[in-house]
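# take this sequence and fold it.
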Amino acid sequence: MNKVGLFAVLVAIHASSVLACPLPKTALPEPDPSLARSVSVGGRTFVNKGLVAFGLIPSNFTDSTGNTMGGIGSAIAIKLGSFAAQVDGSFTGSLIVQPDRGFNVDGTVDYQGRQHQLDFVLTPHYTTTNLSFTAAQQTLQLAYKGTKLYTERAGANTTGLDATGVRAAQSGFPSNALADPQMPIPTKSDNRLTLDLEGLVLNADGTFWISDEYGPYIYRFNSSGALIQTIQPPDAILPMTDGDIDFTSVDDPDTGRAGNQGLECLTIDITTSTLYAMLQSATIQDGGNKKSNSRFTRLLAYDVSSPSIVRPALKAEYIVPLPQDSSGHTLGASEIAWVGGGVVLALARDSNGHGGDDTESEYKGIDLVDFTSATNIANSSFDNHENPVAPKGKLDESVTAATYTAFVSLIDETNLARFGLHNGDPADQTLIDAKWESIALARVGDPLFPDDFFLFTASDNDFITEDGISLGQPYNAGLNNDNQFMVWRVTLPGSTLP
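Numbering: from 1, shown residues only. Purely as a prediction, here's the structure:
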């Protein structure tokens, strides 16, 4: 039996075990109030009501292409129209998850871009009772449904190989809304589009936007996974070396996004058709070549109201001050999610935890960014790579940055213990994963708490497993690092989300 079939069997067995070992009964309509933590931003009170569910996909699970399913926390989204409350108090729906560029610990590989669908049953745990690690997984049961592969011009497969080459812009760029700018490719002899996939936004018409790190670009694909359109960011963000565009992730360019620090974050405000993207950390000229100087990153806003007719225009650009750890090192942003009223959630973290540099994490937070009073620098001189907005990490005095407020700590000891998880030693399967990189929101739909949402987040396990398959070849990464998922419950007052 292959691993896909085995996983289906395990899901069935797991479901029967839920009936045999039910979760603690509770009549609570929300998490126990003792778990709540509140912060005030822009005159509104936001509440973190605590962790309510946990689940995982095993590290050695394979998708329908026969490759190990990993990295799926790089981006997640709830399939539009799928989330629904059930009469027994549970919730069902589907997550669309998007891995980055395959198992690339020893170098990049020819991994075709893709997304997977995972159906879920969410059974929130609202009491303060500490569940075992096994019982905790009953609160978020996940079932793999299928995979969609990404293609580009002329139906060519995309790849994840490092972008050492540049494909010329198509005729008609930029006046033609659908014509490509200069594109990242592996080499001069291999001119396929190469992607290091990060952000994901689903559209009502079946198309979807993704952001990547190589460009760093934003791409629109159709419902079949074929490339439609590319958005190129301002000159200040494009990676330039010796005056030429340089997409490689191996070395930092002279100016523009730093290596592996591209458009990690993507979200949309559907009420205004505004697509937001944010760099993981500052551009090189803004201090991005040093962790101690790289906190002033850029948040971009594009008008995507008629993208096939008018090339999406940059309508706003703000500076966001990222948090720093106790050593003064910037904690890069891994995702953003639209809330409303000039506020987005932002996920920033260190790289410690299971599969990371160390077992004990100092900071993993889903926080609040308020840009209502920030300076809009779009289309200003700061969009020229020769005019940094934060040279050596010092913000220009003419610019007011957004405010950044800590909100949900993913490493809160009390909440982790309620689901059999921990931070720090020992380095076992109950250790929280190192790399959390995604956010998805679903309105609870309770009239008693109209501003409450379930906040889903998932980890990028870097495809680390002792029993892996990459491009048909087995590999052993020396550790089994499961794809972990968490669901928190939060109050987001004034949100414009549906």
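# contacting residues for residue 218?
199, 209-212, 230-231, 233, 263, 266, 275, 277, 302 (CB atoms under 8 Å, 6 or more residues apart in numbering). For glycine as for every other residue, the C-beta is placed from the backbone atoms N, C-alpha and C.
# actually residue 268, not the one I typed
Taking CB under 8 Å, 6+ apart as the test, what residue 268 contacts is 201, 209, 274, 275, 276, 304, 338.
# now it: how far from residue 403?
22 Å (CB to CB, to the nearest Å).
# look at the most centrally placed residue in the chain and give its secondary structure.
Nearest to the geometric centre of the chain sits residue 438, at 3.0 Å (CA atoms, centre = their mean). Assigned with DSSP: H, G, I helix; E, B strand; the rest coil, residue 438 falls in the coil class.
# skipping adjacent residues, who's closest to it in space?
Leaving aside its sequence neighbours, residue 438 sits nearest to residue 76 (CB to CB, 6 or more residues apart in numbering; 4.2 Å).
# OK, contacts around that neighbour?
By CB under 8 Å, 6+ apart, residue 76 lies in contact with 95, 96, 97, 98, 200, 438, 439, 440, 456, 457, 458.
# now residue 283
Residue 283 touches 236, 237, 255, 256, 257, 258, 298, 385, 388, counting by CB under 8 Å, 6+ apart.
# paired strands for the helix or strand hosting residue 166, with orientation please.
Here residue 166, judged by DSSP states H and E, is contained in strand 165-167. Strand 165-167 pairs in its sheet with strand 183-185 (antiparallel), by DSSP bridges.
# returning to that earlier point: what does the strand holding residue 166 rub up against?
Contacts of strand 165-167 (CB under 8 Å, 6+ apart): 180, 182-188, 190-191, 193, 244-245, 247.
# also stretch 371-384?
42, 234-236, 299-301, 314-320, 341-344, 387-389, 396, 398-403.
# ok, now stretch 78-85?
91-96, 117, 202, 204, 440-442, 445, 456.
# pull the helix or strand with minimum mean pLDDT from this protein.
helix 3-20 (a mean of 40; mean pLDDT, DSSP states H and E).
# which parts of whichever helix or strand comes after it are buried?
Downstream of helix 3-20, the next assigned helix or strand under DSSP H and E is strand 37-41. Neighbour-count burial for strand 37-41, with 16 or more other CB atoms under 10 Å as criterion, is recorded at 37, 41.
# partners of whichever helix or strand comes after strand 37-41, with directions?
Using DSSP H and E, the helix or strand that follows strand 37-41 towards the C-terminus is strand 44-57. For strand 44-57, the paired strands and their directions (DSSP bridges) read strand 37-41 (antiparallel), strand 483-491 (antiparallel).
# roughly how far is the last one from the heart of the chain?
Pointing back at strand 483-491 there. What separates the centre of strand 483-491 from the centre of its chain is 13 Å, taken as CA atoms, centre = their mean, to the nearest Å.
# stretch 132-151 too?
17 Å.
# give me the distance between the two termini of that stretch.
The straight-line separation of the ends of stretch 132-151 (CA to CA, to the nearest Å) is 43 Å.
# low pLDDT regions in the stretch 51-200 of the chain?
Of all residues in the stretch 51-200 of the chain, none has pLDDT under 70.
# for it, what spans make up the helices?
Along the stretch 51-200 of the chain, counting by DSSP state H, counting those that start in this stretch, helices occupy 133-136.
# can you check the stretch 351-498 of the chain too?
413-417.
# how about the nearest residue in space to residue 343 that is not next to it in sequence, what does it touch?
Spatial nearest neighbour of residue 343, excluding adjacent residues (CB to CB, 6+ apart): residue 370 at 5.1 Å. For residue 370, the contacting residues are 41, 42, 342, 343, 402, 403, 405, by CB under 8 Å, 6+ apart.
# go through the residues you listed and name the one nearest residue 333.
Closest approach between those and residue 333, by CB to CB: residue 402, at 11.8 Å.
# local confidence estimate at residue 405?
We have a pLDDT of 98 for residue 405.
# show me what contacts it?
Counting by CB under 8 Å, 6+ apart, the residues that residue 405 touches are 39, 41, 367, 368, 369, 370.
# burial check on the nearest residue to residue 464 once chain neighbours are set aside, number of neighbours?
Nearest residue to residue 464, sequence neighbours excluded (CB to CB, 6+ apart): residue 481, at 3.9 Å. By other CB atoms under 10 Å, 26 other residues sit near residue 481.
# what's the distance between residue 481 and residue 209?
On the measure of CB to CB, residue 481 and residue 209 end up 28 Å apart.
# and stretch 219-226, average pLDDT?
98.
# same check on stretch 478-486?
98.
# repeat that for stretch 360-369.
Here the average pLDDT along stretch 360-369 is 98.
# kindly report the same for stretch 264-275.
pLDDT averaged over stretch 264-275 gives 98.
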